[in-house]
Each structure stands twice: as C-alpha cells, then as structure tokens.
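Enquirer: Turn this into a structure:
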Amino acid sequence: MARVVIIGPAYPLRGGLATYNERLARAFREAGDEVRIVTFSLQYPNFLFPGQTQFSTEAGPADLDIEVSINSVNPLSWWQVGQRLRRERPDLVVFRFWLPFMGPALGTIARIVRGNGHTRIVTITDNVIPHEKRPGDRPFTQYFLRVCHGFVTMSRSVLADLRQLGLRQPARYQAHPLYDNFGPVVPQLEAQRRLHLAPEYRYLLFFGFIRAYKGLDVLLKAFADERLAKLPLKLIVAGEFYEDAAPYEAIIREHKLESRLVRATDFIPNERVADYFCAADMVVQPYKHATQSGVSQIAYHFERPMLVTDVGGLAELIPDGEVGYVVPPTPQAIADALVDYFTHPDLQAKFEAGTRHYKQQFSWAEMVKALKEVAAVPST
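Expert: Predicted coordinates for the structure are as follows:
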C-alpha cells in the first residue's frame, strides 16, 4: 500500500479539475492505497477568475479526505504545507499543473517536500504552454516543473511541449480517463423532458466554460449555415461565460440565431450533467487550440457522438468516422460535418456503437499505474 497525496483543486472548489482529482483519489483507493487531497483555501485572486464563483454549492464528497490549506498568493501557507508533508513522508505526491500562475506555490511546496529524501513528486501536466499567455509564464512554469521527478500528460502535444522546455525527467502519455462519476446514461427523451426541451428537435451540445480558445464563435458561425437552418435542429450552449459575452451575442444577432439556441449559461452542477449530454444528439468541441478535454470523456461515458476540431490532443481520442468527426477549426468544415451527420440517420447508431467500443480503453486504473511507474513507486 502506497501513501499518496494529491495536490490540486478539490471540494469546496468546483469545476473539471476538482471533479478529476476527486475521481483520481477514488482510483488510488480502489488500488489499495491510502490517499488524501490537499486543495486550495484560495485558488485564484479575483483578477484571474472571470466566473461567478470558484466554490461549489453542492454537498461535499463524504468518502474523501480533503484538506483545505493552500493559499496561492500566501508564501507562508506554501511553507506550512510543504513542511507538514515533508515530515509525513508520503510515498507519492501527485501535483496537478494547469496554469503558470500556480508555479511559485506548487514549486515551493514540492522543493520542501523533496527535502525528506523519500517522497516522489509526479505531476499531471494539463498544460505547460498556457492557452492565454501572461508575463512570467515561462519562469513560473520552469520553477515548478524542474523540481518534479516525472510527468504524466494526457495529450501527446503536451508531452512534446515538455521536451521543448528542455525537461528530461521521465514522462509518458496516458489518455484522460473516462468521467464515469456523473451517473448512468439517461434515456434521451427523459433527459429532454427534464430540461424542458421539445422532442421534435434534434440537439447539438456545446458544454463547458466559455473562453476564446473554445471556439464557440466558430460554432455559431457554422450553425448559421443555411443548410442547417432548414433542419429541425437546435444548439444547446451549456456553460458559464469566462469572458465578455458581447461578441457572441453580436454573432447571434447578426445571423438571427436566437430561436435556434438553448442557453444555459450558468455553471452546470454535477447532478445536471447527465441530462445535458443525454439530451443531445452530438457533442461539439470547436476549439481553436487545445491540449486535451474532459468534455470528450464525459461524452464517451454517456455514449454521445462527437465532433472535434483537429487541434492539440483532441483528435488522439476521437477516431474520425468511428465515433464522430475530426475537422479543421473553420465554420465551413464544421457545418459540412454537421450537415452530413444530420442528413444520414444511420450515423448516430454507428457512432454510438463506436463510443461504446472505444471508451473501454480510458481506465482510471491505467492512470494510477502510469503515475506509479513514472514515480518508480511499487504498485499494490
């Protein structure tokens, strides 16, 4: 049995990173390990967080040991957490790194913990080159990553980015595991009823917080295609704006899309995720650039066909023509694929069967195994 600490977002914080880390903790426990999560008392100062709130309004996970103690802008808290873990001597500390801003806090904690000569430091690197660049990105990132014993990435593009930064520690790619913690598949008509959606329409789903790199503007322009306008088809936009909504509203007005959209632009709580995915006929990720996306793994869990753009690591997970489409990030390419899908009724069953086949490879046990192998920590 290994003693494992996961450092990253978790309850009472909300969002995909917190959901992932909590599911990863359960995977370690299923493997026979002792595990706890150390999360943030302050994750982002307000100037870095454009959403409504960083905190969940749902009940916390009663089955997990979660310590709330890291203040991302208070070096005293970094020192206190590092010293405590240094004394406790866990076998493995798994950090989650997704933003250069976190480099000073996580790098300081990691340096202190490494001083015990026992604990292995491995990081799941979501991004090492951020989607939205700021001054200090490179030194903050290097400060943290250089102290790690190894890395696990969830896209091959991030693995290449690590080498581009000159990092030579052990690193491997392991596909993002399946998000299987949002409940079972809901019958489509039942999901549509819960969301008050008219069953005579078919539905596209854009899911997740809205930022420029996610490409909602590209999707809206594609959805304006006159071929799609003739179909009984609506687009569900489900997610909170993390930037000014005005440019998107301008596109909607320009193309007269108001009546063809279903807007749910608040944070979607965990208990409603199944309804949105199961109500949809296809999940669309029109990203302009990306590394990997948890949205794909939710779609796989609920066996929804997907359309993704050929950027970053998205195409690694979506076999083109088997579970959906991989297309260039342009309105024309997206529109062409959507027209093909919604004018060929047999494709939905084909792609759903593809998701059932391919989702078997996205295992949490394999992620735990990868982290231990990179760390050179024995498995149970």
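Enquirer: Once you drop chain neighbours, what's closest to Gly313?
Expert: What sits nearest to Gly313 in space, not counting adjacent residues and going by Cβ to Cβ, 6 or more residues apart in numbering, is Ser155, at 2.5 Å. All C-beta spots, glycine's among them, are computed from the backbone N, C-alpha and C.
Enquirer: nope, Gln188 is what I was after
Expert: Nearest one to Gln188, counting by Cβ to Cβ, 6+ apart, is Cys278 at 5.8 Å.
Enquirer: For that neighbour, the count of nearby residues, please.
Expert: 24 (other Cβ atoms under 10 Å).
Enquirer: quick one on the thing from earlier: isn't the residue nearest to Gly313 right up against Val311?
Expert: No - between Ser155 and Val311 there is no contact under Cβ atoms under 8 Å: 10.3 Å.
Enquirer: end-to-end on stretch 171-186?
Expert: 38 Å (Cα to Cα, to the nearest Å).
Enquirer: Repeat that for stretch 210-226.
Expert: 25 Å.
Enquirer: Same question for stretch 324-343.
Expert: Across stretch 324-343, first to last residue, Cα to Cα, it's 14 Å.
Enquirer: now swap in stretch 136-151 and tell me
Expert: OK, stretch 136-151 end separation, Cα to Cα: 22 Å.
Enquirer: do stretch 289-307 as well
Expert: 15 Å.
Enquirer: on that earlier part again, Ser155 and Val311: which has the busier surroundings?
Expert: Per other Cβ under 10 Å, whichever of Ser155 and Val311 has more neighbours is Ser155, with 24 against 20.
Enquirer: how far away is the more buried one from His357?
Expert: 21 Å (Cβ to Cβ, to the nearest Å).
Enquirer: what's the closest non-adjacent residue to His118?
Expert: Using Cβ to Cβ, 6+ apart, the closest residue to His118 is Arg89 (4.9 Å).
Enquirer: Could you verify my assumption that the one you found touches Thr119?
Expert: Yes - if you go by Cβ under 8 Å, Arg89 and Thr119 touch, sitting 6.1 Å apart.
Enquirer: For these two, indicate the residue with more neighbours.
Expert: Thr119 (22 against 12).
Enquirer: what about the residue nearest to Val122 when sequence neighbours are not counted, neighbour count?
Expert: Nearest residue to Val122, sequence neighbours excluded (Cβ to Cβ, 6+ apart): Ala375, at 4.5 Å. By other Cβ under 10 Å, 23 other residues sit near Ala375.
Enquirer: Looks to me like Gly32 is in a strand.
Expert: No - according to DSSP: H, G, I helix; E, B strand; the rest coil, Gly32 belongs to no strand; its state is coil.
Enquirer: Report how many residues lie close to it.
Expert: Applying the criterion other Cβ under 10 Å, we find 10 residues in the vicinity of Gly32.
Enquirer: what pLDDT does it get?
Expert: Note for Gly32: predicted pLDDT of 97.
Enquirer: Likewise for Ser56?
Expert: Per-residue pLDDT puts Ser56 at 67.
Enquirer: go on, Asn46?
Expert: We note a pLDDT of 68 for Asn46 in this prediction.
Enquirer: Point out where the stretch 101-250 of the chain drops to low pLDDT.
Expert: Counting by pLDDT under 70, the stretch 101-250 of the chain has low-confidence residues at 131-132.
Enquirer: Could you pull out the strands in it for me?
Expert: 120-125, 150-153, 171-173, 202-207, 233-238 (DSSP state E, counting those that start in this stretch).
Enquirer: Pull the residues that contact the last one.
Expert: The set of residues that contact strand 233-238 without belonging to it, under Cβ atoms under 8 Å, 6 or more residues apart in numbering, is 197, 201-208, 210, 216, 219-220, 223, 257, 260-265, 268, 276, 279-280, 342.
Enquirer: Of those, which belong to helices?
Expert: Applying DSSP state H to those, the entries found in helices are Leu216, Leu219, Leu220, Phe223, Tyr276, Ala279, Phe342.
Enquirer: My understanding was that the fifth one contacts Ile268; is that so?
Expert: Okay, so that is Tyr276. Yes - under the criterion of Cβ under 8 Å, Tyr276 makes contact with Ile268 at 6.4 Å.
Enquirer: domain ranges for this structure?
Expert: For the chain, automatic domain parsing gives the domain ranges 3-177+363-375, 188-361.
Enquirer: quick one, what contacts the residue nearest to Gln188?
Expert: Val185, Val186, Pro187, Gln188, Glu190, Ala191, Phe302, Arg304.
Enquirer: For the first one, which non-adjacent residue is closest in space?
Expert: By the measure of Cβ to Cβ, 6+ apart, the closest residue to Val185 outside its immediate chain neighbours is Phe302, 5.6 Å from it.
Enquirer: what's the burial count for that neighbour?
Expert: Using other Cβ under 10 Å, Phe302 is surrounded by 25 other residues.
Enquirer: let's have the chain start at 37 instead
Expert: From this message on, residue numbering opens at 37, which makes the last subject Phe338.
Enquirer: Secondary structure element holding the nearest residue to Gly219 once chain neighbours are set aside?
Expert: Nearest residue to Gly219 in three dimensions, chain neighbours excluded: Ala310, at 4.7 Å (Cβ to Cβ, 6+ apart). Following DSSP states H and E, one finds Ala310 within helix 306-315.
Enquirer: what comes up buried for that helix?
Expert: For helix 306-315, a neighbour-count test (16 or more other Cβ atoms under 10 Å) marks Arg308, Val309, Ala310, Asp311, Tyr312, Phe313, Cys314, Ala315 as buried.
Enquirer: thinking the second one is in contact with Ala335, fair?
Expert: Right, the one you point to is Val309. No - using Cβ under 8 Å, Val309 is not in contact with Ala335; the gap is 10.8 Å.
Enquirer: quick revisit: can I get the helix holding Ala310 as PDB, trimmed to CA atoms?
Expert: The C-alpha trace of helix 306-315 is given here as PDB (Å, rounded to 0.1, in the frame of the first residue of the first chain):
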ATOM      1  CA  ASN A 306     -22.800  17.800 -11.400                       C
ATOM      2  CA  GLU A 307     -26.300  16.400 -10.900                       C
ATOM      3  CA  ARG A 308     -27.400  18.100 -14.200                       C
ATOM      4  CA  VAL A 309     -24.500  17.000 -16.400                       C
ATOM      5  CA  ALA A 310     -26.100  13.700 -17.400                       C
ATOM      6  CA  ASP A 311     -29.300  15.400 -18.600                       C
ATOM      7  CA  TYR A 312     -27.400  17.800 -20.900                       C
ATOM      8  CA  PHE A 313     -25.300  15.100 -22.500                       C
ATOM      9  CA  CYS A 314     -28.000  12.500 -22.800                       C
ATOM     10  CA  ALA A 315     -30.400  15.000 -24.300                       C
END
